[in-house]
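Asks: sequence unknown, structure follows:
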């Protein structure tokens, strides 16, 4: 099941990032990608959920180089409406630490993923590198529907070293 899930996610990644290569770092996959117009780095690393859901085969947690630098994206793989500001509420729990409260994250144009606010990325990434796992939950403010995934953080530090925008 996990291999089928990973194959689906890699196929999706290939469709989104043509002419790219990939490497594996424990539970993370590094996908090399360049912008086709300006050759800027658009590489990313991702890990699939430990508790893969066949209804959401492309769910993942990723760190990605974009024009504004390193971004953290929770791709939950299910359409959520989001609020009038195109945001959803996200919370997470790393290892045995207390869970965070819900915070608003901007939604991707597909409404199937959300970006962590930029001012949280450095501290979040530093903590994640020292940790073993994370549970991430998204809540749609429109109807309070929730989606939750658990991810391994094994290999994150090594995979992050491959990104030029870290």
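Replies: Arrived safely, thanks for sending. In this text the structure is predicted, and so the values were computed from the model without any measurement.

Asks: my guess is residue 124 is in a strand, correct?
Replies: No. Residue 124 is assigned helix when assessed by DSSP: H, G, I helix; E, B strand; the rest coil, not a strand.

Asks: Next, the buried residues of stretch 80-95.
Replies: 80, 82, 87-92, 94 (16 or more other C-beta atoms under 10 Å). Yep, even glycine has a C-beta here, placed from its N, CA and C like the rest.

Asks: ok, which stretches of this protein are strands?
Replies: Counting by DSSP state E, the chain has strands at residues 21-25, 28-32, 44-47, 60-66, 69-75, 87-94, 103-107, 113-115, 133-139, 146-152.

Asks: could you redo those as JSON lines and give each row distance to residue 121 and mean pLDDT?
Replies: Below are the strands of the chain laid out as JSON lines (distance: least, C-beta to C-beta, whole Å; pLDDT from 0 to 100):
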{"stretch": "strand 21-25", "distance to residue 121": "19", "mean pLDDT": "85"}
{"stretch": "strand 28-32", "distance to residue 121": "17", "mean pLDDT": "90"}
{"stretch": "strand 44-47", "distance to residue 121": "13", "mean pLDDT": "95"}
{"stretch": "strand 60-66", "distance to residue 121": "8", "mean pLDDT": "94"}
{"stretch": "strand 69-75", "distance to residue 121": "5", "mean pLDDT": "96"}
{"stretch": "strand 87-94", "distance to residue 121": "13", "mean pLDDT": "98"}
{"stretch": "strand 103-107", "distance to residue 121": "11", "mean pLDDT": "97"}
{"stretch": "strand 113-115", "distance to residue 121": "9", "mean pLDDT": "97"}
{"stretch": "strand 133-139", "distance to residue 121": "14", "mean pLDDT": "98"}
{"stretch": "strand 146-152", "distance to residue 121": "16", "mean pLDDT": "97"}
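
Asks: Single out the most deeply packed of these.
Replies: Mean neighbour count (mean count of other C-beta atoms under 10 Å) peaks for strand 44-47 among these, with a mean of 26.

Asks: Neighbouring strands - and their directions - for that one?
Replies: Strand 44-47 sits in its sheet next to strand 28-32 (antiparallel), strand 60-66 (antiparallel), going by DSSP bridges.

Asks: Now tabulate those in a markdown table and tack on distance to residue 52.
Replies: Output for the strands paired with strand 44-47, formatted as a markdown table (distance: least, C-beta to C-beta, whole Å):
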| stretch | distance to residue 52 |
| --- | --- |
| strand 28-32 | 14 |
| strand 60-66 | 10 |
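
Asks: any chance of the strands of the chain in CSV, plus distance to residue 53?
Replies: Converted to CSV, the strands of the chain look like this (distance: least, C-beta to C-beta, whole Å):
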stretch, distance to residue 53
strand 21-25, 22
strand 28-32, 18
strand 44-47, 15
strand 60-66, 12
strand 69-75, 12
strand 87-94, 17
strand 103-107, 19
strand 113-115, 15
strand 133-139, 13
strand 146-152, 8
